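Participant: Can you look at this prediction? I've put the sequence above it.
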Amino acid sequence: MSVFLLKRMGLAIVVALVVSLFSFFMLRAAGDPAIAMAGEGATAADIEFIRQRFGFDRPVAEQYLSWLGGALSGDFGESSYFAKPVSLLISERLPVTLGLGLAALVFSILLAVPLGMLAAVYPNSIIDRFALTLSVLGQAMPNFWFALMLIVVLAVWYPLLPASGNAEWRNFIMPTIVLGYYATPAIMRLTRSGMLEVLGADYIRTAHAKGIPARNILFKHAMRNAILPVVSIASVQFGYMLGGSIIIESIFALHGIGQLAWESISRADLPTVQAIVLVLSLIYVGLNLAADLINAWLDPRIRIA
Amino acid sequence: MNEPHPAPVTPDFSHDLEDVAPLTPRQIFFRRARKHRGFLFGLGTILAITLLALFAPLLSPHDPYAQQLLSRLQPPVWMDRGAWDHPLGTDQLGRDYLSRLFYGAQFSLLIGFTAMVISGVIGTTLGVIAGYFGGRLDLIITFLITTRLSMPIVLIALAIAALLGSSLVIVILILGLLLWDRFAVVARSTTMQLRDADYLLSARALGMPRWRIIVTEVLPNIMDALIVVATLEMAHAILLEAALSFLGLGVQPPLPSWGLMIAEGKDFLLFEPWLIMIPGVALLILVLSINLLGDGLRDISAPEGRA
């Protein structure tokens, strides 16, 4: 187990490093960052000042290493817009995004797992059709459009919820629904197919033959095994939702790192964008690692192979 | 599929004859396809939208770029102030919404399709190489896939589009270069399953060069799975393009992209919500039918693996 753990952790660290390397070079290759940051109407002197201030005049490899050295100790440099350390900006905004992501994950699990199970227990029934329709729609609906439609219905036509801001918990209801619904199809499909497979297994038939009540079989025997893959997809979906929160936060004006990312992109605030890319991919890599470890702990076949 | 035989007084031999004559894979495909409602709906809708996009210049009642400032924000025909002159109304600059919708279909389909082709070529190449050769190459490519999966693509796409300045070509390239992961995953695993098949071993024993084995033996056999991925990725690319355009970093005005139309209609959300509803429903229908087509193809080519 410890060998497995070490291997996986090593891989996760290398992946995060490569992502940071890639995003660093890509953002620099996409244009002269000093010109982008200086904005329109900047003089040559302004650009030169920014170039030196943020170290763009040094070789890229050197810039990367010094940035990475800082990042490892939690120092992402200074935002070019706020004149504040990027790490401070991120730590102020991250709780909103994580809170939204968690709420959305809980929402989608509460919606997807019971529906997926019911759909598997009663295949081709009305509830199965309903679950299928819900998941097909969820995959096809642009999430920014769904967000706007929710605003039209729940904030304009029936003024039940506030349309934007993050003053109170009611501000989080619509973003949670939009983001959570986005993750629902994958979780529901996996719950349904996992449950169908388990319900056809020999030990379930044995349990029926022993006369165990159907409800106990469903919850004690079948669900435990069917839920295994759901654990790992849920963590992957959580990572996607953090990425998707850029669009949702900017629509609902939630002050999370998604909105920060969006604003920083429009302001060409390169240090902030770069730090957010790294933080999001680190979270994602960490979640994948956690999912791998949970799976390995639950299923010995994985950690031995 | 065996039909249950009733107990006829005089045996009906036509059924048996059908069972005896082996069906070609193509015949099996069409038989199953004819009965698959999702597949038929998806295929029909996509064909219809493609025709609308191709013949947009002929079908559009107006020039999609012509502004009529005197008839701004005219609602669609089914609403109170609507008129047949502009069946879906006009936008904030008085441009005919139906014409913009037709021309917008061109952008969605063009971007979705070309981005899918680019990512398909990249992903399939990587995946087949990893699956066929295995070993160190496989390790490297698997690592590339893992890395790509850990990148927040919306954020990266937005950042590049903002820095490069967005245009149609840049949007297509960004999406094409970011969405190859699923192609690679599927191509790799399907190739691996094939690798030790007898016909590949015999091709190798005959001294066939490896690249020819890959092109003539491996690719045709993993095509079914790849086509399913292609539909899903095309849908994915269309949604991402709409999101980029919605945020102002995709297709630029005055071009009529559906995502951009939603963004422009957003300011009138309070009183003219149909401005965002119409292009949104169009996007929903297009992506839905592409997904249904893909799901249908998967069911039809491998009905036993239906999940």
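Facilitator: Great, that's in hand. Model, not experiment: these values are computed from the prediction.
Participant: Residues of the stretch 1-150 of chain A that sit close to chain B?
Facilitator: Within the stretch 1-150 of chain A, the residues that sit near chain B (Cβ under 8 Å from any Cβ of the partner chain) are A:11, A:14-16, A:18-19, A:22-23, A:26-27, A:30-31, A:33, A:36, A:136-137, A:139-145, A:148-149. Backbone N, C-alpha and C define where each C-beta goes, glycine included.
Participant: Buried ones among these?
Facilitator: A:11, A:15-16, A:18-19, A:22-23, A:26-27, A:30, A:33, A:36, A:136-137, A:139-145, A:148-149 (16 or more other Cβ atoms under 10 Å in any protein chain shown).
Participant: Which of those fall within helices?
Facilitator: Counting by DSSP state H, those place A:11, A:15-16, A:18-19, A:22-23, A:26-27, A:33, A:36, A:136-137, A:139-140, A:143-145, A:148-149 in helices.
Participant: What ranges does the stretch 51-200 of chain B have for its helices?
Facilitator: For the stretch 51-200 of chain B, the helices defined by DSSP state H, counting those that start in this stretch cover B:56-59, B:97-133, B:135-149, B:153-164, B:168-178, B:181-194, B:198-205.
Participant: Mind putting these into a markdown table with mean neighbour count, distance to chain A and mean pLDDT?
Facilitator: Listed next are the helices of the stretch 51-200 of chain B as a markdown table, based on neighbours: other Cβ atoms under 10 Å in any protein chain shown; distance: least, Cβ to the nearest Cβ, whole Å; pLDDT from 0 to 100:
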| stretch | mean neighbour count | distance to chain A | mean pLDDT |
| --- | --- | --- | --- |
| helix B:56-59 | 13 | 21 | 84 |
| helix B:97-133 | 22 | 11 | 93 |
| helix B:135-149 | 16 | 5 | 90 |
| helix B:153-164 | 23 | 4 | 86 |
| helix B:168-178 | 20 | 10 | 91 |
| helix B:181-194 | 21 | 12 | 92 |
| helix B:198-205 | 12 | 25 | 87 |
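Participant: which ones are touching the residue nearest to the spatial centre of chain A?
Facilitator: The centroid of chain A falls nearest to A:Gly239 when counting by Cα atoms, centre = their mean (2.5 Å). By Cβ atoms under 8 Å, 6 or more residues apart in numbering or on different chains, A:Gly239 lies in contact with A:Leu280, A:Ile283, A:Tyr284, A:Leu287, A:Asn288, B:Ser150.
Participant: one more time with 6 Å, if that's ok
Facilitator: A:Tyr284, A:Leu287 (Cβ atoms under 6 Å, 6 or more residues apart in numbering or on different chains).
Participant: Could you check which helix or strand contains it?
Facilitator: When elements are assigned from DSSP states H and E, A:Gly239 belongs to helix A:228-252.
Participant: ok now that helix, how far from the chain's centre?
Facilitator: Between the centre of helix A:228-252 and the centre of its chain there are 3 Å (Cα atoms, centre = their mean, to the nearest Å).
Participant: give me the number of residues near residue 221?
Facilitator: If you meant another chain, say so; for now it's chain A. Residues contacting A:His221 under the criterion other Cβ atoms under 10 Å in any protein chain shown number 19.
Participant: Please refer instead to chain B.
Facilitator: Residues contacting B:Asn221 under the criterion other Cβ under 10 Å number 15.
Participant: Great, nothing more from me.
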